[in-house]
Structure formats: structure tokens, C-alpha cells
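**Q** generate a structure from the sequence data that follows.
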Amino acid sequence: MATTPALRIGTRSSPLALTQTRMVADRLRELTGRDIEIVPIKTDGDVLTGSLSQMGGTGVFVTALRDALLDGRCDVAVHSLKDLPTADVDGLTYVTPVREDPRDALCSRDGHRLADLPHGAKVGTGSPRRAAQLRLVRPDLEIVDIRGNVDTRLGRVAAASATTDAGDLDAVVLAAAGLNRMGRSAAITELIDMSVMAPAPGQGALAVECRTADLAPEDAETNLHAAFTELDDAGTHLAVAAERALLARLEAGCAAPVGTYARVVDDVLTLQVIVARPDGSEQLTHSAETEVTLNSRDEARRLGTDIADHLLTLGAADFV
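**A** Numbers count the residues shown, from 1 in each chain. Next comes the predicted model:
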């Protein structure tokens, strides 16, 4: 009798990516009954140096994983959802497990909160969105463009040492979700309120992706259809559908940093948005809501698109 092959899960090899992938792997092992093989794959974002904002943005951590799915080197890929380009890819389908905390987190030396950082403090981030929103509330700060994994970034606010970059920053801003998943929540000195710093579209959520053909309900060998159905969280999927539809429409006419967060409460989907000038000199904000059911993905996308159109009429396209 033939043995069902191991389910191969593709992932980046950073500590955070591997942690997230192992979480998904454990769940898929339970749901499918299959052995799991984790397949590390290098992406452009792992190989190229320099600022992420100069690399073409979304897709640098994703394209190689999707290529591996399409050419059969892996069966499933795990992404941070905020890294996914908004355009769908023919032949691939993803689901979204329950979202982690979507907020941004300040990790500072001496326990300072954002409002309490010394005048002129150096704050590290690789995100134009975070940089713009930091400048909106604290124009006196010196924003430093940084890269590296979670521990590398946290190390730059550690006490000064002989290591080149250790201790050269007063604080860094990271996603709370990544810190929580890595067991580094103790490093957080403030969870930044979303009225001050709206998160990236999809922040805190994962995308678990596979070949669409492998989701056929009658495909008993893969066991993926039932597993993916169980893994997908309907509320998370609705929220990120709205956020990504907003981003897709704005990307067509707006190069400014975008922060947004959607949530479903009592069958009402609410979407909040901030579009900021990169230099932090001005912002546009808007929010709207609509009644939904857990299958209302078209309605969620419509809400995101409508808000984007409204912001574009207010001049968001000029926020470059």
C-alpha cells in the first residue's frame, strides 16, 4: 500500500519565518495526518542588500516561494500576509489563520514610551509607513532606516558594546505579532495605539498558500481541502480582504505610506485608514463600515475600494 508523501512546506529561513511556519506545520500535521517537511527557500529580500523600500517593495519576500509552489518544489507556502502583492496569482489559493495582534510595538531603551523618548532620539525602522507616522507625532525624532531579523533589530537598542551597531539606537518599531510569536513580548515597551500608528494592510496575519488544483474536495491523497477550510478564519479573511482591496486601489494612484486596520464585530466590518506624506507633514484619515456575513468577501473588498476612491478624491495621489 502506497504511503502518502510528506507535506512539503516552503518558507523563508529567517527565525521569525521558521517560527511562523512551524506553527502552521503543527496544525497541518493535525488536520491532514501527514508527515511534514519544511523546505527553506531563499527570496530576493533575503539575498539583496539595501533599503527594502528601494527593492520594489511587496513581492521581494514572496516571489521565490510562489515559484517553488508552482514548479512543485513544495506543496504549501507560509507568508506574512503583509508581504503579499495585492494581485492574485493564477493557480494559487491562500487561507488566513486567526490574526495575531496587528499593532506596531515600540521597543526602547530604559522603558520609554513613544511620547517620552528624549528629544532627537534615534528610532529604527525599515518601513516608510512607520517612519511617516512617527514623524507625524514626533517630528523631532531621527528616523534611521534599518534591516535585519528581530533579534538583530532589538540588539541595536541594547546596551552599548564592542559589536558595531549595538546600542546605536534609542528605540526600534516592530510588529507586535512577530515579537509575540518569537517569544519576545518582554521587549515591548509600548503597543502603539492604532490612532497614532495604523498597521500595514494584513499585518499580524499569515497567508498559507497552495496550488488551487490541490484543493479539489475529492483529492483524498493530499487531504488539503478539509485542512485549508478548517485553517481559514472567516473574520480574519474578511478584514484582510478589505485592507488589501484598499491597498490595491491606492497603489494604482498613490505612492504614499498607507496604514489600515479592519475588524468584524457583531456582523459589522469597520475599516480605518491613514495615508501620510512620507515626510510626516500631513495625513488623510477615513473610516467606514458595512454589514457583512462571514461569506461577504466581495462586500469587504467593495468597502476597501470605496474608501480608497474617497481618499483619492481628497488628494491622496499627491502624497508622494
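
**Q** rest of the way, CA atoms for contacts and neighbours
**A** Fine.

**Q** list the residues that contact residue 287.
**A** 270-273, 307 (Cα atoms under 8 Å, 6 or more residues apart in numbering).

**Q** then residue 92?
**A** 70, 209-212.

**Q** go again using 6 Å as the cut-off
**A** 210-212 (Cα atoms under 6 Å, 6 or more residues apart in numbering).

**Q** by neighbour count, which of those residues wins?
**A** Among the contacts of residue 92, residue 210 has the most neighbours (other Cα atoms under 10 Å), with 25 neighbours.

**Q** grab the nearest non-local neighbour of that residue.
**A** residue 76 (4.6 Å; Cα to Cα, 6 or more residues apart in numbering).

**Q** one step back: which of the contacts of residue 287 has the most neighbours?
**A** residue 273 leads these on contacts (other Cα under 10 Å) with 27 neighbours.

**Q** returning to that earlier point: what is the burial count for the residue nearest to residue 210?
**A** Residues contacting residue 76 under the criterion other Cα under 10 Å number 27.

**Q** assess the claim that it and residue 211 are in contact.
**A** No - in this structure residue 76 lies outside contact range of residue 211 using Cα atoms under 6 Å: 7.6 Å.

**Q** columns secondary structure, pLDDT and distance to residue 150 on top of the contacts of residue 287, output as JSON lines?
**A** Below are the contacts of residue 287 laid out as JSON lines (DSSP: H, G, I helix; E, B strand; the rest coil; pLDDT from 0 to 100; distance: Cα to Cα, whole Å):
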{"residue": "270", "secondary structure": "strand", "pLDDT": "98", "distance to residue 150": "31"}
{"residue": "271", "secondary structure": "strand", "pLDDT": "98", "distance to residue 150": "29"}
{"residue": "272", "secondary structure": "strand", "pLDDT": "97", "distance to residue 150": "27"}
{"residue": "273", "secondary structure": "strand", "pLDDT": "97", "distance to residue 150": "26"}
{"residue": "307", "secondary structure": "helix", "pLDDT": "97", "distance to residue 150": "33"}
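
**Q** neighbouring contacts of the helix or strand that contains residue 67?
**A** Taking DSSP states H and E as the criterion, residue 67 maps to helix 63-70. For helix 63-70, the surrounding residues in contact (Cα under 6 Å, 6+ apart) are 43, 74-75.

**Q** let's see that with 10 Å instead.
**A** 8-12, 39-45, 59, 72-79, 84-85, 89-92, 209-211 (Cα atoms under 10 Å, 6 or more residues apart in numbering).

**Q** restricted to buried residues, select those in ChimeraX.
**A** Here is the ChimeraX command that selects the buried residues among the contacts of helix 63-70 (16 or more other Cα atoms under 10 Å):
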select :8,9,10,11,12,39,40,41,42,43,45,59,73,74,75,76,77,78,79,84,85,92,209,210,211
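
**Q** narrow the contacts of helix 63-70 to those in strands?
**A** Among the contacts of helix 63-70, the residues falling in strands (DSSP state E) are 8-11, 39-40, 76-79, 92, 209-211.

**Q** which pair in those spans the largest distance?
**A** Spanning the widest gap among the ones in strands among the contacts of helix 63-70 are 40 and 92, at 19.2 Å by Cα to Cα.

**Q** quick one: average confidence on the helix or strand residue 264 falls within?
**A** According to DSSP H and E, residue 264 maps onto strand 258-265. Averaged across strand 258-265, the pLDDT comes to 96.

**Q** against which helices or strands is that strand packed?
**A** For strand 258-265, the elements it packs on are helix 128-137, helix 234-251, strand 268-276, strand 283-291, helix 297-313, judged by 3 or more Cα pairs under 10 Å, 6 or more residues apart in numbering; DSSP states H and E.

**Q** okay, now residue 171: neighbour count?
**A** As a measure of burial, residue 171 has 30 neighbours, counting by other Cα under 10 Å.

**Q** so who does it touch?
**A** Residue 171 makes contacts with 106-114, 117, 121-125, 143-144, 153-154, 156-158, 189, as judged by Cα under 10 Å, 6+ apart.

**Q** phi and psi next, for residue 207.
**A** Backbone dihedrals for residue 207, given as degrees, to the nearest 10, come out at phi -120, psi 120.

**Q** buried ones in the strand holding residue 264?
**A** Of the residues in strand 258-265, those buried (16+ other Cα under 10 Å) are 258-264.

**Q** now render the contacts of residue 287 as a markdown table, adding distance to residue 66.
**A** Converted to a markdown table, the contacts of residue 287 look like this (distance: Cα to Cα, whole Å):
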| residue | distance to residue 66 |
| --- | --- |
| 270 | 31 |
| 271 | 29 |
| 272 | 30 |
| 273 | 29 |
| 307 | 30 |
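
**Q** ok, so of the ones in strands among the contacts of helix 63-70, who is nearest residue 25?
**A** Of all the ones in strands among the contacts of helix 63-70, residue 25 sits closest to residue 9, with 7.4 Å by Cα to Cα.
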